[in-house]
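> After the sequence you'll find the predicted model.
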Amino acid sequence: MSSPQTYADAVARFAPLQAATRSHRRHHGCNAYTFEDGAGLLAIARADRATTILELGTAIGYTACILSSATDQTHVDTIEGDPEHVALARNNIRDLGLDERVTVHTGDFFEVMAELNGPYDLAFFDGLGPTARLVEKLRNLLRPGGLLVCGNLAHAGSTERRSLAVEFERSERWQLAGSIEGGGTLEFRKIDPAASTPTT
Ligand SMILES: C[S@@+](CC[C@H](N)C(=O)[O-])C[C@H]1O[C@@H](n2cnc3c(N)ncnc32)[C@H](O)[C@@H]1O
């Protein structure tokens, strides 16, 4: 088990990209709030040895780059709807030499997810506020035992928050696996009873 400092050191190479995201948001006046716990996110992805990762909410590439460094084989599909963010993300990812490890898909989350097959080891939601419908789609794209890392739960509308609370309490579907970003981002393990080995 590596120490928190190990992960902090590993994400330090992406710190300029995080700073660029903050600067971009100030000038663009958009909602590209950068994720505040890159080291925690990397620790989760590394602990699971995630090689196939889906991210919702690329902004200009910061967390996609971090996730791509989970293992030597990791590939990240990341989805972003703002064309200006997509162009910046692709440039940033190329400049870091990660363009073979990260694919930036342009479009709305649902439209792009409809074209992806998965299964993914890990899905990271970092859009503006999760919905029960989005979580259901992410669940379908995760492999049994895969991990959903769900950010911005506090930004979901009150009705969605209630629906999500009910969904995540379904122990036959999810197991709370931990939290990062000071508790603002929760991890849920996908339980799939249909995939468990039958006893004879
Ligand atoms: C919080 S930012 C992502 C920050 C990024 N993960 C990081 O840490 O730097 C959310 C991004 O999701 C994008 N977004 C929000 N809703 C979307 C949707 N329905 N479809 C596609 N992109 C969306 C926004 O344009 C924004 O760039």
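Happy to help now that I have it.
> The residue nearest to residue 129 when sequence neighbours are not counted and residue 11: what is the separation?
The spatially closest residue to residue 129, leaving aside those adjacent along the chain, is residue 155, at 4.0 Å (C-beta to C-beta, 6 or more residues apart in numbering). (C-beta placed from N, C-alpha, C; glycine too.) Distance of residue 155 to residue 11, computed by C-beta to C-beta, to the nearest Å: 23 Å.
> where exactly do the helices run in this structure?
4-11, 15-28, 38-47, 62-68, 83-95, 109-113, 132-141, 158-168 (DSSP state H).
> ok, and what's touching the longest one?
The set of residues external to helix 15-28 that reach it, using C-beta atoms under 8 Å, 6 or more residues apart in numbering, is 30-34, 38, 59-62, 65, 84, 88, 92, 96.
> Determine the number of other residues adjacent to the residue of the chain with the smallest separation from the ligand.
At 2.9 Å from the ligand, residue 81 is the closest residue in the chain, using C-beta to the nearest ligand atom. Look at residue 81: counted by other C-beta atoms under 10 Å, it has 17 neighbours.
> Quick one, grab the pLDDT at residue 193.
Model confidence at residue 193, given as pLDDT, is 76.
> surely it meets residue 172?
Yes: counting by C-beta atoms under 8 Å, residue 193 touches residue 172, with 5.9 Å between them.
> Quick check, central residue of this protein?
Geometric centre of the chain, nearest residue: residue 124, 1.7 Å, by C-alpha atoms, centre = their mean.
> Tell me the bridge partners for it.
residue 55, residue 149 (DSSP bridges).
> got the contact list for it?
Contacts of residue 124 (C-beta under 8 Å, 6+ apart): 41, 53, 54, 55, 56, 63, 67, 149, 151.
> Could I get the residues you listed in JSON lines, plus columns for pLDDT and neighbour count?
Putting the contacts of residue 124 into JSON lines (pLDDT from 0 to 100; neighbours: other C-beta atoms under 10 Å) gives the following:
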{"residue": "41", "pLDDT": "98", "neighbour count": "28"}
{"residue": "53", "pLDDT": "98", "neighbour count": "28"}
{"residue": "54", "pLDDT": "98", "neighbour count": "26"}
{"residue": "55", "pLDDT": "98", "neighbour count": "28"}
{"residue": "56", "pLDDT": "98", "neighbour count": "25"}
{"residue": "63", "pLDDT": "98", "neighbour count": "29"}
{"residue": "67", "pLDDT": "98", "neighbour count": "27"}
{"residue": "149", "pLDDT": "98", "neighbour count": "30"}
{"residue": "151", "pLDDT": "95", "neighbour count": "26"}
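> out of those, who's nearest residue 185?
Nearest to residue 185, judged by C-beta to C-beta, of these is residue 151 at 4.3 Å.
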